[in-house]
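K.L.:
test case, fold it:
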Amino acid sequence: MSDERRGYVYGLLAYTMWGFFPIYFKLLQPSPPLEILAHRVVWSVVFVALLLTVMRNWRFLGRLVRTPRLLGGVTLAAVLIGVNWGTYIYGVNSSRVVETALGYFITPLLVVILGVTVLGERLRPLQWAAVGVGALAVAVLTIDYGRLPYIALTLAASFGCYGLIKKRMSLPPAEGLFVESAVLMLPALAYLTWLNLSGGAEFGHVSVTHTVLMLVAGVLTAIPLLLFAGAANRVPLVGLGILQYLAPILQLAVGLLIYHEPMPPARLAGFGLVWLALLIFTADGIRSARAAARTRAAAAVAAAA
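P.N.:
Reported below is the predicted structural model:
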C-alpha cells in the first residue's frame, strides 16, 4: 500500500469515528453534558500522558514553559476546544444531532471568513459566492428554527478559531491534546469533586457499562486525532478537504435515520444551500490546486531548460 493510500485509510477511519460520535455520547446519558465533558478532559490527560511516556516524549514541555506566547496560545486553544466539546455534547444529548452536523458543514466557510478578517487574505470570486450562499443558508435556517442555529454557529466558530490558533503553534497532535486537556483539567476536577460531594454525580452509579464508556472517553478522543495527523502528513490538501465532509454527513445520517430528528422542507432547503456553498467552495479549491500544480510544473520545466 502506498503512503498516500495509507493516509486516505487513516483519514477515513478518523472521520468515520467522528461521524458516529453522537451514538457514543448518547450512551453516556443520564450524565449531564458538563459531567461528560469533565470526564472527557480528565481521561484524555491520563491516556495521552501514558502515550507520551511510552514514546518518551516530554521534551516539548520545556519549550512550552520557556515561551509565554506559546503557552498563552495553548491556553486559548484549550478554552476554545472546551467550548466546542461542551457544545457538541450538549447538542447531541438535547436531540439536536442534525444541528451539530450543520455546524461542521459550515466550518470550512467560516474558516474562509476568518482568513479574510484575521489574516487579511483575499478571496477569489467563487469563494465569495460560496460565502454568500452559506450566509443565505443560515438566514433560511434561522427562519425555520425560529432562532439562530446557535449550536451550529458556536461549533463552527469555536472549531474555526481553534484551528487558526493551532496552525500558528505547530504542536504535534498528541502533545497538543495533552497540554490543552491539562489546562482544562483543574476546573474539570474541581467540578467533578463538587458534583460528587453534592450527590449529583452519575459516574459509577448507573451501570458498569456506563462507567467503562466514561473511562474510554480519553482513548476515543485521542485515536481519531492521531489518525487524522497521520492522514494530514500523507494526503494532499484537496483530498483532505473532501474527506472532512464525511463526519458531518455521517452525523446527519445518524440524526435522521437512528434518532429520527425532524427535517421539515424549509430546513432541508437550508441544508441544500449549505451543500451548494460547499460544492462551489470545493470545486474552486480543486481548480485552484490544479492551476498551482500546472504553474509549478511549468516553472520546473523552464528551470531545467
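K.L.:
for Tyr259, give its distance to Ser94.
P.N.:
Tyr259 sits 11 Å away from Ser94, taking C-beta to C-beta, to the nearest Å as the criterion. From N, CA and C alone the C-beta is placed, and that goes for glycine too.
K.L.:
next, the buried residues of the longest helix belonging to the chain.
P.N.:
The helix spanning the most residues in the chain, taking DSSP state H as the definition, is helix 265-304. Along helix 265-304, these residues count as buried under the neighbour rule (16 or more other C-beta atoms under 10 Å): 267, 270-271, 273-274, 276-278, 280-282, 284-285.
K.L.:
what residue ranges in the chain score low on pLDDT?
P.N.:
Along the chain, the parts satisfying pLDDT under 70 run over 170, 237-238, 301-305.
K.L.:
how far away is the residue nearest the centre of it from Gly255?
P.N.:
Of all residues in the chain, the one closest to the mean position by C-alpha atoms, centre = their mean is Phe159, 5.8 Å from it. Distance from Phe159 to Gly255, counting by C-beta to C-beta: 18 Å.
K.L.:
over to Gly72?
P.N.:
With distances taken as C-beta to C-beta, Gly72 is found 37 Å from Gly255.
K.L.:
again with Ala222
P.N.:
Ala222 sits 25 Å away from Gly255, going by C-beta to C-beta.
K.L.:
so for the two, which sits in the more crowded spot?
P.N.:
Summary of the neighbour comparison: Ala222 and Gly255, criterion other C-beta atoms under 10 Å, with Gly255 having more neighbours (24 against 20).
K.L.:
who touches the nearest residue to Leu136 once chain neighbours are set aside in this structure?
P.N.:
Excluding its sequence neighbours, the residue lying closest to Leu136 (C-beta to C-beta, 6 or more residues apart in numbering) is Leu273, at 5.7 Å. Residues near Leu273 by C-beta atoms under 8 Å, 6 or more residues apart in numbering: Val133, Gly134, Leu136, Ala137, Val140.
K.L.:
any idea how far Ser158 is from Leu273?
P.N.:
Taken as C-beta to C-beta, the span from Leu273 to Ser158 is 23 Å.
K.L.:
now do Pro187
P.N.:
For Pro187 relative to Ser158 (C-beta to C-beta), the value is 17 Å.
K.L.:
what about the two, which has more around it?
P.N.:
Neighbour tally, Pro187 and Ser158, criterion other C-beta under 10 Å: the higher count belongs to Ser158, 23 against 12.
K.L.:
how about the more buried one, what does it touch?
P.N.:
For Ser158, the contacting residues are Leu80, Ile81, Val83, Asn84, Thr87, taking C-beta under 8 Å, 6+ apart as the criterion.
K.L.:
give me the neighbour count for the fourth one.
P.N.:
Read that as Asn84. 20.
K.L.:
what about the helices in the chain?
P.N.:
Along the chain, counting by DSSP H, helices occupy 3-19, 21-27, 33-55, 60-66, 68-93, 97-117, 125-145, 150-169, 173-197, 208-215, 217-232, 237-243, 246-253, 265-304.
K.L.:
tilt between the third one and helix 217-232?
P.N.:
Spelled out, that is helix 33-55. Taking axes from the mean of the first three to the mean of the last three C-alpha atoms, to 10 degrees, helix 33-55 and helix 217-232 form an angle of 60 degrees between their directions.
K.L.:
what helices or strands is helix 33-55 leaning on?
P.N.:
With contacts defined as 3 or more C-beta pairs under 8 Å, 6 or more residues apart in numbering; DSSP states H and E, the packing partners of helix 33-55 are helix 68-93, helix 173-197, helix 208-215, helix 217-232.
K.L.:
what would these look like in CSV with distance to Leu28?
P.N.:
Below are those laid out as CSV (distance: least, C-beta to C-beta, whole Å):
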stretch, distance to Leu28
helix 68-93, 8
helix 173-197, 14
helix 208-215, 6
helix 217-232, 8
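K.L.:
which one of those helices lies closest to Val9?
P.N.:
Comparing the helices and strands packed on helix 33-55 against Val9 with C-beta to C-beta, the closest turns out to be helix 217-232 (8.2 Å).
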